[in-house]
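Trainee: requesting a structural model of the entry that follows:
(2 chains)
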There are 2 protein chains.
Amino acid sequence: MADKATSDVSLTRLSTADADFDASLNALLAWEGVSDADVRHRVDEIIAAVRTRGDAALVEATNRFDRLAVSGVGELILSADRLRQAYAGLPDEQRDALAHAAERIRVYHEHQKPESWHYTEADGTLLGQQVMPLDRAGIYVPGGKAAYPSSVLMNAIPAHVAGVREIIMVVPTPDGVLNELVLAAAHLAGVDQVFTVGGAQAVAALAYGTETVPRVDKIVGPGNIYVATAKRAVFGQVGIDMIAGPSEILVVTDGGTDPEWLAMDLFSQAEHDEDAQAILVGWEREHLAAVEEAIERLLPTMEREAIIRQSLAARGASILCRDRDEAVELINRIAPEHLELSVAGPRDWLPGIRHAGAIFLGRHTAEALGDYCAGPNHVLPTSGTARFSSPLGVYDFQKRSSLIECSAEGASALGRTASVLARGESLTAHARSAENRIEP
Amino acid sequence: MADKATSDVSLTRLSTADADFDASLNALLAWEGVSDADVRHRVDEIIAAVRTRGDAALVEATNRFDRLAVSGVGELILSADRLRQAYAGLPDEQRDALAHAAERIRVYHEHQKPESWHYTEADGTLLGQQVMPLDRAGIYVPGGKAAYPSSVLMNAIPAHVAGVREIIMVVPTPDGVLNELVLAAAHLAGVDQVFTVGGAQAVAALAYGTETVPRVDKIVGPGNIYVATAKRAVFGQVGIDMIAGPSEILVVTDGGTDPEWLAMDLFSQAEHDEDAQAILVGWEREHLAAVEEAIERLLPTMEREAIIRQSLAARGASILCRDRDEAVELINRIAPEHLELSVAGPRDWLPGIRHAGAIFLGRHTAEALGDYCAGPNHVLPTSGTARFSSPLGVYDFQKRSSLIECSAEGASALGRTASVLARGESLTAHARSAENRIEP
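Mentor: Now for the predicted structure:
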């Protein structure tokens, strides 16, 4: 690791003019998030155990994987009072920052609430949709080194704004380590109860319920490969948000931003973990070189230098493209989780951007501001899934029911059409049910 | 089967007053949708083959499973022209009915489009969300006996309304059998291209693309256990809609609807297949008995008598409850796919109904009208998943990007908060990236 840390950063340099650019870009972006058969098998076993033996299996798995020695689930519950204490006990500066972030996140998400709607046709037939919150949501929060209070806010506040009746949080405490900031954030975000359990066993408990842990309707939040595999396995029994891959950023520069700012923005992505991906795109060759120099210069000053170095070497890249149009093509092809448009007039770019989790516009909008407190959610689609997925939001904690009320006249007219189509599908009970409503 | 067809329908009779009601209801509702390890293994193999060998593997699997003898994917493509021909060739009555249904479905779904939004704060910071359609959607349509043109309309029209650039449909043609109504519906719904492939191999081709089949961003539509297992396996590589279980209805009656109408409404659910579930709920004992008598009387007149009989015997029920409030409790506990409120003043019930896929209000609103042409989607959450899922809709074919543009002043204020929180999480590159934007 020491050798690695003193070597040059071998940020991959690509140019869209390269003959093999397509293949190189595909190789750079490749990420296989699917878990292998062995992990699947172990997760299936854990889920089956918790489903069959409930609390007992949950306690066994927790003692084993988190190296604890509790005798019952009772010892794995944190009350709302305990969360309030954690909040009250924070240093003023942290408590104020957390409260400031929570308030901004709440205000932003209030804008996302879908509304019930309906319309009435000339014959009196009413059609529409009724929007209702979930009864109960489960928030998975990773423990140990990656315990992030900001993730608690980002996962729980949208559920709270949606009107979810009960928010259950699970967070593992490996070796008994508990993060006070995480508990304080849970208090602020409106979490009702916390269980200090994690892994596939926590996902199973939330999906099926145990004697003590209530069954939830949806499980959200990031986790390791066991958590991701368990979420995929229980999908359908409960709702899940998404299967998250490593975090990534695409920074587009027009040459006008301080290279040191851009270097630090790339670092802020790379420092997450060795699999994180930071990509720089621009059409000014000398400016890209200046950013690469800034990276070299600043790297030795970083606390998480080794992780950043490894992440940049393995998955980072600096891509020279022809012009702005080609940059937009690259954005849509990569469909990045985070897109930083460090350019003049960034709003002009928006109509052309079809795929991105979050778009940070302009030189002042560092991704880190969005990670914590700008307001929008930091749970975002990764690994190109912005092609079809959205940021976590209030809409993830609500669902819709179709409304259909036919007037006698409306049912009669619709009955004729339904009858023809049902008979075309050989579904004659459907046809006769519709025909019963046809007026003579 | 003849014996079965002439025996009494043993519709399960339950009463909420029964001592073991909870356990009986749980047993009635139990449905294990998860595929076994053997199916998973075979599906994994098919997916791996198509992913590795593309067209060749797709052709092999199609020849094998659909008993065909084609020599290349070229023989498995239907052009837009072919779809138009199918539409033109329909009998007038069917063409008009299909067009009537398509137009109503289109108008309804136009109401569902989410809008982009943003707001600007006092310091000039802009926050919002941009809504964009998917580039390419894949519609899976079952072939053979369950080839339903109405499902083509219900899956493809929301994609078209959403603004999806390209809609690809797959439909298997076992033994070469092609359904002209299905092709005509594809034409009406705006499908761009059809591949006559099915099963896990079709899902794999859509998810990863082959030399001929373009990779899509989301796969929707129902299918058998292999299709469902394949959809679950590729979830994350592409979006999927949901894992559908057998179709079900809960009919609530206040005693004022013609028992023969209610019997036929229950049949229209039960005739789908032997696993379909039709449940009647009411608080008038004699009225429930009258519906049961109507069931016995009408059953011998039904074309699909054997299926209906088997479905009602295996999974049907008549539930006597105490009153209207208890009926609402049952609705929310069951979270039915289809809820028929065959009662006076059905709108008064709406605020209490938290979970249902589609709500059919009043005596004239047979579920069959909604299945074909009322307007709302007939792809609905099954097996209690209405607790957390919505009807298929335009929102399934669009996604959102968060927008964040900080003014210099805004970035400076947010930078202070982000810095404190990032340092609390030991993410110092995040902190320094934010601090770069703090004005002195």
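
Trainee: which helix or strand contains the residue in the stretch 1-150 of chain A that chain B sits nearest to?
Mentor: For the stretch 1-150 of chain A and chain B, the shortest gap (Cβ to the nearest Cβ) falls at A:Ala97, measuring 3.9 Å. Any C-beta I mention is one placed from the backbone N, CA and C, and that applies to glycine too. In the assignment (DSSP states H and E), A:Ala97 maps to helix A:92-110.

Trainee: what's that helix packed up against?
Mentor: The criterion is 3 or more Cβ pairs under 8 Å, 6 or more residues apart in numbering or on different chains; DSSP states H and E, and the helices and strands that helix A:92-110 contacts are helix A:149-162, helix A:180-189, helix B:408-424.

Trainee: now check the helix or strand following that helix, is it near chain B?
Mentor: Following the chain from helix A:92-110 toward its C-terminal end, the next helix or strand by DSSP H and E is strand A:117-120. Yes - using Cβ under 8 Å from any Cβ of the partner chain, strand A:117-120 reaches chain B at A:Trp117, A:Tyr119.

Trainee: can I get strand A:117-120 as CSV, trimmed to CA atoms?
Mentor: Taking Å, rounded to 0.1, in the frame of the first residue of the first chain, the C-alpha atoms of strand A:117-120 are listed here in CSV:
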residue,chain,number,x,y,z
TRP,A,117,-56.7,13.4,-9.2
HIS,A,118,-59.9,12.5,-11.0
TYR,A,119,-62.0,13.7,-13.9
THR,A,120,-65.7,13.2,-14.8
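
Trainee: now it: how far from the chain's centre is it?
Mentor: Centre-to-centre, strand A:117-120 and its host chain are 33 Å apart (Cα atoms, centre = their mean, to the nearest Å).

Trainee: count of neighbours near the closest residue to A:Phe195 other than its chain neighbours?
Mentor: Here the nearest residue to A:Phe195 in space, its sequence neighbours aside, is A:Val170; by Cβ to Cβ, 6 or more residues apart in numbering or on different chains that works out to 5.0 Å. When neighbours are defined as other Cβ atoms under 10 Å in any protein chain shown, A:Val170 has 28 of them.

Trainee: for A:Val170, grab phi and psi.
Mentor: The main-chain torsion angles of A:Val170 are listed as degrees, to the nearest 10 and equal phi -120, psi 140.

Trainee: which one of the helices and strands packed on helix A:92-110 lies nearest to B:Trp283?
Mentor: Each of those has some distance to B:Trp283 by Cβ to Cβ; the shortest is helix A:149-162, at 33.0 Å.

Trainee: mean confidence for the closest one?
Mentor: The pLDDT scores in helix A:149-162 average 96.

Trainee: and stretch A:303-321, by the same measure?
Mentor: For stretch A:303-321, the mean confidence score works out to 96.

Trainee: sorry, back to before: report how many residues lie close to the residue of the stretch 1-150 of chain A closest to chain B.
Mentor: The tally of other residues near A:Ala97 (other Cβ under 10 Å) stands at 24.

Trainee: OK, contacts around it?
Mentor: By Cβ atoms under 8 Å, 6 or more residues apart in numbering or on different chains, the contact list for A:Ala97 reads A:Cys373, B:Arg416, B:Thr417, B:Val420, B:Leu421, B:Gly424.

Trainee: dump those residues into a markdown table; add distance to B:Val73 and pLDDT as well.
Mentor: Formatted as a markdown table, the contacts of A:Ala97 follow (distance: Cβ to Cβ, whole Å; pLDDT from 0 to 100):
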| residue | distance to B:Val73 | pLDDT |
| --- | --- | --- |
| A:Cys373 | 52 | 95 |
| B:Arg416 | 59 | 96 |
| B:Thr417 | 56 | 95 |
| B:Val420 | 58 | 94 |
| B:Leu421 | 53 | 93 |
| B:Gly424 | 56 | 89 |
